[in-house]
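# test case, fold it:
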Amino acid sequence: MTEHARTLDALLDRFDAVRHAAPKAYRWAHQHDGGEHPFHLVFSSLIHGNEVGSVEGLVRVVEDLASGRIRYGGRATLFLGNPEAGRANVRFLDADLNRVFVPDLAGSAHEIRRALELMPVLDEADVYLDFHQTLKAARQPFYIFPWGEQAWHWVRALGGAQVWVTRNPGQAFSSGVMCADEYVRERGRPGITIELGEKGWSSEAAETTYRMITEALAIADDMAAGRRTVADAAAEKPDVHFYDTIHREQFSDPAMTLKPGIGNFEPVSEGAVLSAPGTPEIRARHEGAVLFPKYPPRDADGGALDPRPREIFRIVAELDRHPLELWGGQRD
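Sure thing, here's the model as predicted:
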């Protein structure tokens, strides 16, 4: 057994020792009901199996809710999406779990069956917060999902990141697939994703996860008691910086190769060379910051192995106007 698997197994054992769930509920979910109000917060980690940084923070919240160290009067569900892929330290086993939250999707893939188990949990979420990590290093944590006014209040109130990569709420992620947060937004509720830095174990990611979940619980209790709204809580914090994708570089040739060491949110100037020496030239077509640079496995001739990503990177830039002005209110 690898050290990674041992570390994850220890956290799974801790989760399993205190978790509470109704009969026939999803195996890796903890369901809390404080009995004072019905507001239901849902939190998830490990939707991608190799993004383990948030697991410890979520497990600590489960332990503290179970022991009474954290008091919350409403409902909360905290779940681990894909421990099976997590133990193997891979993103997924058969299919990307964060693309298959499609109710009528057929298939026997492990992740399709898992999404069907999780949809009933997400159906009941008043707010959903999903913790992720990036494949490569990131200069800062960031939120990434479409604009929505209520989600904006939650993002601002919770902190966690000072940057939100957003987009027009009418623009779908991709045709024929659906992420977990998108599934919740389709039901008119805020679905929020945060990227906590490079994949792997991270004490910083764990602490951010713990802090954000406990803050969300406190805000929900305040809302239920009439002490403040989430907009009130947001107004106490600085606003985030909003970015939008302005270019997606298509991975049109398997020989395309980025130069080593490009991370998320690395600033680039228009025309900057981003390709490795001796490979097809790639230049930044706009000034901005690189997001989701891809370094896939390659064959002996240097070609990216299939299935290669559709994009080799994208460029984001800060919006010149607030999304509230660009796209208006609501649309969560």
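
# what helix or strand does residue 58 sit in?
helix 55-67 (DSSP states H and E).

# which strands and helices lie in contact with that helix?
helix 3-18, strand 29-33, strand 40-45, strand 75-80, helix 203-225 (3 or more C-beta pairs under 8 Å, 6 or more residues apart in numbering; DSSP states H and E). C-beta coordinates here come from the backbone N, C-alpha and C atoms, glycine included.

# so where do the helices sit in the stretch 201-332 of the chain?
Remark: helices assigned in the stretch 201-332 of the chain by DSSP state H, counting those that start in this stretch are 203-225, 230-235, 323-327.

# report the buried residues of the last one.
Applying a neighbour-count criterion of 16 or more other C-beta atoms under 10 Å, the buried positions in helix 323-327 are 323, 327.

# who touches that helix?
147, 149, 152, 166, 168, 169, 242, 319 (C-beta atoms under 8 Å, 6 or more residues apart in numbering).

# filter those residues down to the buried ones.
Buried among these (16+ other C-beta under 10 Å): 147, 149, 152, 166, 169, 242, 319.

# max pairwise distance over those: which two?
Across these, no pair lies farther apart than 149 and 319, at 15.4 Å, counting by C-beta to C-beta.

# pLDDT score for the residue nearest to residue 62 when sequence neighbours are not counted?
Once flanking residues are discounted, residue 62 sits nearest to residue 30: 4.6 Å by C-beta to C-beta, 6 or more residues apart in numbering. In this model, residue 30 is scored at 98, pLDDT.

# pretty sure residue 30 is touching residue 16, no?
No - if you go by C-beta atoms under 8 Å, residue 30 and residue 16 don't touch, sitting 9.6 Å apart.

# of those two, which one has the most company?
Each of residue 30 and residue 16 has its neighbours counted (other C-beta atoms under 10 Å); residue 30 has more, 25 against 13.

# rewinding a little: of the buried ones among the contacts of helix 323-327, the lowest pLDDT goes to which?
Scoring those by pLDDT puts residue 169 last, at 89.

# return stretch 22-30 as PDB; C-alpha atoms alone will do.
The C-alpha coordinates for stretch 22-30 follow below in PDB (Å, rounded to 0.1, in the frame of the first residue of the first chain):
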ATOM      1  CA  ALA A  22     -30.200   7.500   7.000                       C
ATOM      2  CA  PRO A  23     -30.500   3.800   5.900                       C
ATOM      3  CA  LYS A  24     -29.600   3.300   2.200                       C
ATOM      4  CA  ALA A  25     -28.000   6.800   2.000                       C
ATOM      5  CA  TYR A  26     -24.800   7.300   0.000                       C
ATOM      6  CA  ARG A  27     -22.000   5.400   1.800                       C
ATOM      7  CA  TRP A  28     -19.600   8.300   2.100                       C
ATOM      8  CA  ALA A  29     -21.900  11.000   3.300                       C
ATOM      9  CA  HIS A  30     -22.500  12.400   6.800                       C
END
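
# got the contact list for the closest residue in space to residue 2 that isn't next to it in sequence?
Setting aside the residues directly before and after it, residue 2 is nearest to residue 89 in space (C-beta to C-beta, 6+ apart), at 7.2 Å. Shown in contact with residue 89 (C-beta under 8 Å, 6+ apart): 2, 4, 5, 49, 50.

# what does residue 266 give?
139, 289, 290, 293 are the contacts of residue 266 under C-beta under 8 Å, 6+ apart.

# ok, back up a step: buried sites along the helix holding residue 58?
55, 56, 57, 58, 59, 60, 61, 62, 63, 64, 65.

# identify all contacting residues around it.
8, 11, 14-15, 18-20, 30, 32, 43-46, 69-70, 72, 76, 78, 80, 86, 131, 201, 205-211, 213-214.

# ok, now with 6 Å
11, 14-15, 18, 30, 32, 45-46, 70, 78, 206, 209-210, 213 (C-beta atoms under 6 Å, 6 or more residues apart in numbering).

# let's see if you can find the most crowded of the residues you listed.
residue 45 (33 neighbours).

# residue contacts, that residue?
Counted by C-beta under 6 Å, 6+ apart, residue 45 has contacts 54, 55, 58, 80, 131.

# got the domain ranges for the protein?
3-239, 246-332 (automatic domain parsing).

# of those domains, which stretch is the most buried?
Highest mean neighbour count of those: domain 3-239, a mean of 19 (counted as mean count of other C-beta atoms under 10 Å).
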